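Student: I would like to see how this sequence folds:
(2 chains)
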2 protein chains.
Amino acid sequence: MYREEMVTKKLTIGITAPKGFKAVGIHCGIKKAKKDLALIYSELPATAAGVFTKNKVVAAPVIQCKESLQTSETFHAILINSGNANACTGKVGLENAYSMAIETAKKLNVNPNQVFVSSTGVIGEQLQMDKVINGIDKICSLIDDGDDLSAAQAIMTTDTFPKIFHKTFIINGKEVSIGGIAKGSGMIHPNMATMLAFVTTDAKLKKSLLQKTLKKVTDLTFNKIVVDGDTSTNDMVLLLANGASKVEINENTDEYNIFEKNLYDVLKKLSIDIVKDGEGATKLVEINVIGALSDEDAEKAARQVALSPLVKTAIHGEDANWGRIIAAVGYSGIDFNPDLFEIEINGIPILKKYYEVTLPVQLANQTLNSSEIKINLYLNIGEGKATVWTCDLSEEYVKINGSYRS
Amino acid sequence: MYREEMVTKKLTIGITAPKGFKAVGIHCGIKKAKKDLALIYSELPATAAGVFTKNKVVAAPVIQCKESLQTSETFHAILINSGNANACTGKVGLENAYSMAIETAKKLNVNPNQVFVSSTGVIGEQLQMDKVINGIDKICSLIDDGDDLSAAQAIMTTDTFPKIFHKTFIINGKEVSIGGIAKGSGMIHPNMATMLAFVTTDAKLKKSLLQKTLKKVTDLTFNKIVVDGDTSTNDMVLLLANGASKVEINENTDEYNIFEKNLYDVLKKLSIDIVKDGEGATKLVEINVIGALSDEDAEKAARQVALSPLVKTAIHGEDANWGRIIAAVGYSGIDFNPDLFEIEINGIPILKKYYEVTLPVQLANQTLNSSEIKINLYLNIGEGKATVWTCDLSEEYVKINGSYRS
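Tutor: Below is the predicted model of the structure:
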């Protein structure tokens, strides 16, 4: 195999990097032609953890997943469809979600509550269940011949590229892997953009520890791309751990720290990929707030800057309009002294204390002439700090969202 | 005079409709060619009231206005420049704001704290004071020959039309007038768009009552176009009352109710005009939330819907994507039962309880085929209600804001 092929192959391995996991994606007919059904399967029983949307309006599959997590200790599969969110679909929608789990379980010879069901797409339309049921029959029969790329493609909506990543590392002389696939979209102001991520590992972790770890690492990654709090009806992150590596991870150990670090790397990579693929996005923007009174204040300020359409459009237009940044911090609700505010873009100081503008407008604008932008905001009043990731706001975003269903 | 001319003339009378007020707008050189300096003047001493931005970052003229309101009982003039916000300009900026008041006061033969100074435009650049001082000399000499239209034009930034309105009504057999001019822009998600409104009346009101009344009516009008809370560094509404009508308005009287009603009409018209002229806006959208547990809840929900880029782009694309609306209410933080949620667009039911979709997608989309959209959201769980006004989100918004300074 040529080196280039090896690299490509490696880039498309995610959820099957951990031993004992299989994955496949197919077209079952919800969408016109693109793949719309994915299956992730572990023959070994796996523990599982889930983090779900906080929206009061909860899609049927989210209810199915939460119930499964509560009623079973071990799990075997995740079935995901795209093209239809199965949200705001009432009793019929919930019955459909259950049917999807029952049908999948029958084919895989497991219990229905050992199968998670997930959906993304248009809200408020019922699934065409004949197509879905036929699709389940087909996808279960193809699971041995599948690959991660097809699964990652099958969960996409307006995503422009599949998001796949894994890490393999050594614990006590044994190989352990964590892999994931994800989908984003609408990330500019991700009020209702569905964010789905499915992560697998062949490490062995107790269900309670897995849940605790997933929650913690999600807060540092997916929730730092300004998704949480403004989550969609369908958002979820699911993590399966099947123990196939024979490496057991217990709390407060060196092994745990290694595992957590690698889980962070996988989830961060998937998070960043989601931001990069934000609808219409042309720039990845990292916003660091440093020197706030508390970490909480720093995060509030960073999020407000990341959410501001005026800041995001200025970045898109490569206009280093720092007044919009300081004004966004100004209405974030935190305590700070505008006189002490400082801004650095990609390492170059733009504004120093007491409103000292350090660069002429044209040179300042040049700091934004890059596809990855790092904005550091120094409040100089405390030790609090926070980082969020976002993207710019382009005309393309409006085009995509003005005609999503048409 | 032909009837058409009379109508046009009437449409351009705002702040000088009340007796004893004069207004003029000129070009002084802050902008390349367009008018950039306006003066409103009352020979009679007037009481005044002001409502200002809640942003922690406060522009120099806002400080000057607040100090004037505190240190003087009567007032004579408002001087406004566009093209430069005099915000984030430190001590020099504040000195410049004071100088503008001092120079204007000298020319008009009044005290500096009887003059309000207001600015709008780019943040973080110092005013070219030579041009401003020359401009003040010129504008004071032209005040007798001015007109409201020129003043309203001189306060515009990315506004596409001047906002002028007045009402004349009878109290106790005497004519009383209230008039105003305003500027908006960036209203789509008006985090930092500067909103300025200047209102005059020839009624006589005590300063304290004037302040109370302005605050109350502003909350029902300008603050319902989702400006407040997310205000810019420069936002302000100023109201001058010079008593030239010889009609005194006291609290808790029929006269007060008439006055307040007409002030509401003037401020509401100016508010709606600002929304209509939102950057890139093509549709005026009224969002009514009905049947929430409280008015506060209703307002939270209405604002969240009004702020959602996904809802705003869908309205722009005439896509009656109600799932985005219900999801926005879902993350507004209020209590409600999604099963009981109902939606009406321009009087036509789109969604009934238990997710009953009442129209095929194409017919539902047609309800958005209009320049004025009224969306009623029925929560069916209480008596709380609220209205906010907003506009759609178009590609044009991004173009305008990506290149504002260029």
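Student: give me phi/psi at the residue of the stretch 251-400 of chain A found nearest chain B?
Tutor: When scored by Cβ to the nearest Cβ, the stretch 251-400 of chain A has A:Gly323 as its residue closest to chain B, at 2.4 Å. Where you see a C-beta, it was placed from the backbone N, CA and C, and this is true even at glycine. Note on A:Gly323: backbone dihedrals following degrees, to the nearest 10 are phi -60, psi -40.
Student: now it: closest residue in space that isn't a chain neighbour?
Tutor: Closest residue to A:Gly323 apart from its sequence neighbours, by Cβ to Cβ, 6 or more residues apart in numbering or on different chains: B:Ile123 at 2.4 Å.
Student: next one: A:Glu383
Tutor: Leaving aside its sequence neighbours, A:Glu383 sits nearest to A:Gly291 (Cβ to Cβ, 6+ apart; 7.1 Å).
Student: so what's the one you found up against?
Tutor: A:378-385 (Cβ atoms under 8 Å, 6 or more residues apart in numbering or on different chains).
Student: let's go with 6 Å and repeat that
Tutor: Going by Cβ atoms under 6 Å, 6 or more residues apart in numbering or on different chains, A:Gly291 touches A:378-380, A:382.
Student: report the contact partners of the residue of the stretch 251-400 of chain A closest to chain B.
Tutor: Each residue near A:Gly323 by Cβ under 6 Å, 6+ apart is listed here: B:88, B:123-124.
Student: where does it land on pLDDT?
Tutor: On pLDDT, A:Gly323 comes in at 88.
Student: same question for A:Ser332.
Tutor: The score at A:Ser332 is 89. That number is its pLDDT.
Student: count the neighbours of it for me.
Tutor: A:Ser332 sits with 23 neighbouring residues when counted by other Cβ atoms under 10 Å in any protein chain shown.
Student: pretty sure it contacts A:Ala298?
Tutor: No - using Cβ atoms under 6 Å, A:Ser332 is not in contact with A:Ala298, being 10.0 Å away.
Student: as a check, name the ranges of all strands in chain A.
Tutor: Remark: strands assigned in chain A by DSSP state E are A:21-26, A:37-52, A:75-84, A:115-122, A:163-171, A:174-183, A:196-201, A:236-241, A:284-292, A:342-345, A:348-352, A:356-357, A:372-378, A:384-391.
Student: so which bits of the longest one are buried?
Tutor: Same thing as strand A:37-52. By 16 or more other Cβ atoms under 10 Å in any protein chain shown, the buried positions in strand A:37-52 come out as A:37-42, A:44-52.
Student: now do the contacts for the closest residue to A:Asp148 other than its chain neighbours.
Tutor: For A:Asp148, ignoring the flanking residues on the chain, the nearest one in space by Cβ to Cβ, 6+ apart is A:Gly14 at 4.5 Å. Residues in contact with A:Gly14 (Cβ under 6 Å, 6+ apart) are A:148, A:164-166, A:179-181.
Student: could you flag which of those are buried?
Tutor: For the contacts of A:Gly14, buried by 16+ other Cβ under 10 Å: A:148, A:164-166, A:179-181.
Student: out of those, who's nearest chain B?
Tutor: For the buried ones among the contacts of A:Gly14, the nearest to chain B is A:Ile181 (23.6 Å; Cβ to the nearest Cβ).
Student: from what I can see the closest one touches A:Phe165, true?
Tutor: No - when contacts are counted by Cβ under 6 Å, A:Ile181 is not listed as touching A:Phe165 (8.2 Å).
Student: worst-scoring helix or strand of chain A, pLDDT-wise?
Tutor: One helix or strand of chain A scores below all others by mean pLDDT, DSSP states H and E: helix A:3-11, with a mean of 58.
Student: rewinding a little: adding distance to B:Leu340, write the contacts of A:Gly14 out as JSON lines.
Tutor: Shown next, in JSON lines, are the contacts of A:Gly14 (distance: Cβ to Cβ, whole Å):
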{"residue": "A:Asp148", "distance to B:Leu340": "42"}
{"residue": "A:Ile164", "distance to B:Leu340": "41"}
{"residue": "A:Phe165", "distance to B:Leu340": "42"}
{"residue": "A:His166", "distance to B:Leu340": "45"}
{"residue": "A:Gly179", "distance to B:Leu340": "42"}
{"residue": "A:Gly180", "distance to B:Leu340": "38"}
{"residue": "A:Ile181", "distance to B:Leu340": "37"}
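Student: can you tell me which of these lies closest to A:Asn262?
Tutor: Relative to A:Asn262, the closest of those is A:His166; by Cβ to Cβ it sits at 9.5 Å.
Student: isn't that closest one up against A:Gly180?
Tutor: No - counting by Cβ under 6 Å, A:His166 sits too far from A:Gly180 to count as a contact (7.1 Å).
Student: sorry, back to before: switch the buried ones among the contacts of A:Gly14 over to a markdown table; also include pLDDT and distance to A:Asn234.
Tutor: Below are the buried ones among the contacts of A:Gly14 laid out as a markdown table (pLDDT from 0 to 100; distance: Cβ to Cβ, whole Å):
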| residue | pLDDT | distance to A:Asn234 |
| --- | --- | --- |
| A:Asp148 | 96 | 21 |
| A:Ile164 | 96 | 20 |
| A:Phe165 | 95 | 22 |
| A:His166 | 96 | 24 |
| A:Gly179 | 97 | 22 |
| A:Gly180 | 97 | 17 |
| A:Ile181 | 97 | 16 |
